[in-house]
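Asker: Here is the input, now give the coordinates:
(4 chains)
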Number of protein chains: 2
Amino acid sequence: MKASIKDIARVAGVSHSTVSRALSDSPVVNPETRARIKRLAREMGYSPDAGARGLVMGRTLTIGVVVTTISDPFIAEVVQGVESTAFKNGYTVILASSGAEPEREVAAVEMLRSKRVDGVIVTASRVGALYKEHLTRIEVPVVLLNNHGESGGPYTFSVRVDDRHGGYLATRHLVERGHRRIAYVSVGEAGHSSDRERQAGYCQALTEAGLPCDPALVFAGNGRWDGGERVLPLLCAPPEPPTAVFCFNDMTAVGLLRSARAAGLSVPEDLAVVGFDDIPIASYVVPSLTTIAQPKFELGEKAMQMVWILIEAQRETATPQVHDTILQGRLVVRESSVGRSE
Amino acid sequence: MKASIKDIARVAGVSHSTVSRALSDSPVVNPETRARIKRLAREMGYSPDAGARGLVMGRTLTIGVVVTTISDPFIAEVVQGVESTAFKNGYTVILASSGAEPEREVAAVEMLRSKRVDGVIVTASRVGALYKEHLTRIEVPVVLLNNHGESGGPYTFSVRVDDRHGGYLATRHLVERGHRRIAYVSVGEAGHSSDRERQAGYCQALTEAGLPCDPALVFAGNGRWDGGERVLPLLCAPPEPPTAVFCFNDMTAVGLLRSARAAGLSVPEDLAVVGFDDIPIASYVVPSLTTIAQPKFELGEKAMQMVWILIEAQRETATPQVHDTILQGRLVVRESSVGRSE
DNA sequence: CACCTCGGTACACACGTGTGCAACCAAACG
DNA sequence: CGTTTGGTTGCACACGTGTGTACCGAGGTG
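Answerer: Residues are numbered from 1 along each chain as shown, chains lettered A, B, ... in the order given. Reported below is the predicted structural model:
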């Protein structure tokens, strides 16, 4: 059986309140008895009950992280940033994966509510309406990651990467390499805000270079590698095919690289390719992939810091001194856009 | 403020015990009042306090998962299996990453103990001595993943992949392809049990084919890609270099592929390469990597099922009907061992 | 009418922890 | 010696939930 402060109190011959105070270094207890109690606690293998403590303290030092799936390397890296920062501040992370199923999404949020988490971080490209309603009901600070939706309540904010600027950087890079016909492979899903923004940056760079934003050069992928693979034939179909392509994300680009190789096209000579995200695979494919690196770890770090500030503000019922944060992506030039020999 | 069963009891004009029983569908409460209370609970946005419930029930329906880092794609997939199975059984997962630092390891275990988790799953290649001591003190079922250490207490078991058989499969595949001089790249760390086992399987396949187990054909890597990269020159040094190589893991093999390409060696014609793990990258490198696929998701699934059985057994103070489980890896043949044209 | 049965509900306690308040004791002071 | 002061400690309650036991009223039976 596990030892409680009452058990310690019994063998120490004091009341449980004295033990409680001694263990929390209260200055009112006699230094000798405090030492004696602490020694006893160590000997008896005492470990404070987080549940009971949370009950009386009104805080659990726990934050919930909602993800679609943890096996997405991008998300995993973000969670790593959250976990690391949480640990430094004495917080614990509870994981809740939704698997992108609405049913599990609400179950996950309900679970976090039951666990009385002090805050919630949500990493999902889009937050369903039903889901969102449950999120606000949780009455606790919420930070949305890479979500472009409006930051609802007074304690709901968001951290995201600058998609538009990222798209701009990627496309400008291709323009600077001398390309005039540059295609874009979208996620093929209406209303996907990241997709919209990246495409807007793409158009901005084209316009700035005096090039037209030709809708015929925008192709629909699906955000996965098979989407990139399927798009290649369409890309090559026109009489004057594009010489470069910017993809919504790395997975799409990787699929495109694969099918390009199968079709005998050489990258970047026949077709230059740029992705977005900088997932681990990007540096291992051949040719290695030029991409926009999202600061994944910092994304999670920043989100956790923000949640922490919000929690503190809520405890003092103060209006929090935070605002939505936008981090900048970074262009990482690799072989798929400049060749190996250069 | 959050609504408790007492609040519901007040507005319903009954005692809190009646509310408690009504919400847990106890047959002793009047069906009408039960319906009324349930409706009230929904209206008031009631959510049961998991901490308080855990306090009185003696179980938290929570299991802790200790990992080195969640951004390792292999581990992430395993955790996904754990999480998915846990959710099905009504359990919640608390994540604790140790970052391979001993200090954080014990802090992580202590944290899980405080949270009164019902069971623990540890995914780490080796469990330190100090760390292990803390693990046993937690007095709760523990399942070790891919750990070859002795399964200590009565409620400590392990789930792992058959490293020896995997090594055997990989090497036999190369033998069948006609190779006579086959090298092994180890993890270069004394006492690493997975490494030892995989090498043993490698030797077994060689012996079975009437080939010698030449120690000069065993090279030391470090389990990471740079280790594989550095090993290539040594591999090519002998007057009669090996025509095939089996690597401890995929990362090592990927590094080896990269440096082989840089050195102008063609794979698999000049050198056939086989890895171990089947991480996502394996299918994207060029040439794609032949490897032994570990059943990652099933590994996590099995571990969670085992923890569940152990928990149930412990509750009834029965001797659990489980035993250490060994899952089989699967040979996945790709381009790095048979070429693209065949 | 007295007794028993039984469905439904309330009371009281338990779980482990933190904390305001009172109580106690010793020492110092008037 | 009486009183105050200050340092320690215990008592009692609170947090939210589950459950054994007692209670109460209605209906049935002898």
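Asker: Strands of the stretch 151-300 of chain A, residue ranges please.
Answerer: For the stretch 151-300 of chain A, applying DSSP state E, counting those that start in this stretch gives strands covering A:156-161, A:182-186, A:218-220, A:244-247, A:272-277, A:290-293.
Asker: can you tell which of the ones you listed is closest to DNA strand C?
Answerer: Closest approach to DNA strand C among the strands of the stretch 151-300 of chain A is made by strand A:156-161 (28.6 Å; C-beta to the nearest atom of the strand). (Glycine included, C-beta is placed from N, CA and C.)
Asker: Using CSV, write down the CA coordinates of that closest one.
Answerer: Taking Å, rounded to 0.1, in the frame of the first residue of the first chain, the C-alpha atoms of strand A:156-161 are listed here in CSV:
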residue,chain,number,x,y,z
THR,A,156,-8.1,31.7,-26.6
PHE,A,157,-5.2,32.6,-28.8
SER,A,158,-3.2,31.1,-31.6
VAL,A,159,0.4,30.5,-32.6
ARG,A,160,1.1,29.9,-36.3
VAL,A,161,3.7,30.1,-39.0
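Asker: pLDDT score for the closest residue to A:R160 other than its chain neighbours?
Answerer: Among residues not flanking A:R160 along the chain, A:N146 sits closest, at 4.7 Å (C-beta to C-beta, 6 or more residues apart in numbering or on different chains). Confidence at A:N146, expressed as pLDDT, is 86.
Asker: about what we covered before: which one of the strands of the stretch 151-300 of chain A has the poorest average confidence?
Answerer: strand A:156-161 (a mean of 90).
Asker: That one pairs with which strands?
Answerer: Sheet partners assigned to strand A:156-161 using DSSP bridges are listed as strand A:142-145 (parallel), strand A:325-327 (parallel).
Asker: Need the winner for burial among those.
Answerer: strand A:142-145 (a mean of 27; mean count of other C-beta atoms under 10 Å in any protein chain shown).
Asker: residues in contact with it?
Answerer: Identification of contacts with strand A:142-145 by C-beta atoms under 8 Å, 6 or more residues apart in numbering or on different chains yields A:78, A:119-124, A:127, A:135-136, A:151, A:153, A:155-160, A:299-300, A:303, A:306-307, A:310.
Asker: What helix or strand is A:R53 located in?
Answerer: helix A:50-57 (DSSP states H and E).
Asker: what comes up buried for that helix?
Answerer: A:A50, A:G51, A:A52, A:G54, A:L55 (16 or more other C-beta atoms under 10 Å in any protein chain shown).
Asker: cool, stretch A:30-37 as well?
Answerer: Judged by neighbour count (16+ other C-beta under 10 Å), stretch A:30-37 contains these buried residues: A:T33, A:R34, A:I37.
Asker: Among those residues, which one sits closest to DNA strand C?
Answerer: A:I37 (11.6 Å).
Asker: so that closest one makes contact with A:V19?
Answerer: Yes: with contact defined as C-beta atoms under 8 Å, A:I37 counts as touching A:V19 (5.5 Å).
Asker: Give the residues shared as contacts by the two.
Answerer: A:I8, A:A12.
Asker: Can you spell out the domain ranges of chain A, please?
Answerer: A:5-48, A:61-162+A:296-329, A:163-294+A:331-338 (automatic domain parsing).
Asker: For the first one, what is the distance to the chain centroid?
Answerer: Right, domain A:5-48. Centroid separation for domain A:5-48 versus its chain: 42 Å, with C-alpha atoms, centre = their mean, to the nearest Å.
Asker: now do the same end-to-end measure for it.
Answerer: 8 Å (C-alpha to C-alpha, to the nearest Å).
Asker: Quick one, which of the contacts of strand A:142-145 are buried?
Answerer: Neighbour-count burial (16+ other C-beta under 10 Å) applied to those gives A:78, A:119-124, A:127, A:135, A:151, A:155-160, A:299-300, A:303, A:306-307, A:310.
Asker: Could you pull up the contacting residues of A:K302?
Answerer: A:V159, A:T325, A:L327.
Asker: For the residue in the stretch 51-200 of chain A that DNA strand C sits nearest to, which residues are in contact?
Answerer: Closest to DNA strand C within the stretch 51-200 of chain A is A:A52: 3.4 Å, counting by C-beta to the nearest atom of the strand. Neighbouring residues of A:A52 by C-beta under 8 Å, 6+ apart: B:G51, B:L55.
Asker: Just the pLDDT at it, thanks.
Answerer: Reading off the model, A:A52 has pLDDT 97.
Asker: now do A:L310
Answerer: On the pLDDT scale, A:L310 gets 94.
Asker: Count the residues that sit near the nearest residue to A:A41 once chain neighbours are set aside.
Answerer: Distance criterion C-beta to C-beta, 6+ apart; nearest residue to A:A41, sequence neighbours excluded, is A:I8 at 5.7 Å. Under the neighbour criterion other C-beta atoms under 10 Å in any protein chain shown, A:I8 is assigned a count of 23.
Asker: Helix or strand: which one has A:I8?
Answerer: Using DSSP H and E, A:I8 sits in helix A:5-12.
Asker: repeat for A:M306
Answerer: For A:M306, the element it lies in under DSSP H and E is helix A:296-315.
Asker: Now do that helix: distance to the chain's middle.
Answerer: The answer for helix A:296-315 is 13 Å, by C-alpha atoms, centre = their mean.
Asker: low-scoring stretches of chain A, by residue?
Answerer: A:1, A:125-130, A:148-154, A:340-342 (pLDDT under 70).
Asker: near DNA strand D, which residues of it show up?
Answerer: Applying C-beta under 7 Å from any atom of the strand, we find that chain A lies next to DNA strand D at A:13-18, A:21, A:28-31, A:33, A:52, A:55-56.
Asker: tell me the angle of the helix holding A:R53 relative to helix B:50-57?
Answerer: 120 degrees (axes from the mean of the first three to the mean of the last three C-alpha atoms, to 10 degrees).
Asker: so which residue of the stretch 201-342 of chain A comes closest to chain B?
Answerer: Nearest residue of the stretch 201-342 of chain A to chain B, counting by C-beta to the nearest C-beta: A:V286, 3.8 Å away.
Asker: check contacts around the residue nearest to that residue when sequence neighbours are not counted.
Answerer: The shortest distance from A:V286 to any non-neighbouring residue, by C-beta to C-beta, 6+ apart, is to B:V286 (3.8 Å). Applying C-beta under 8 Å, 6+ apart, we find B:V286 in contact with A:R261, A:V285, A:V286, B:L257, B:E335.
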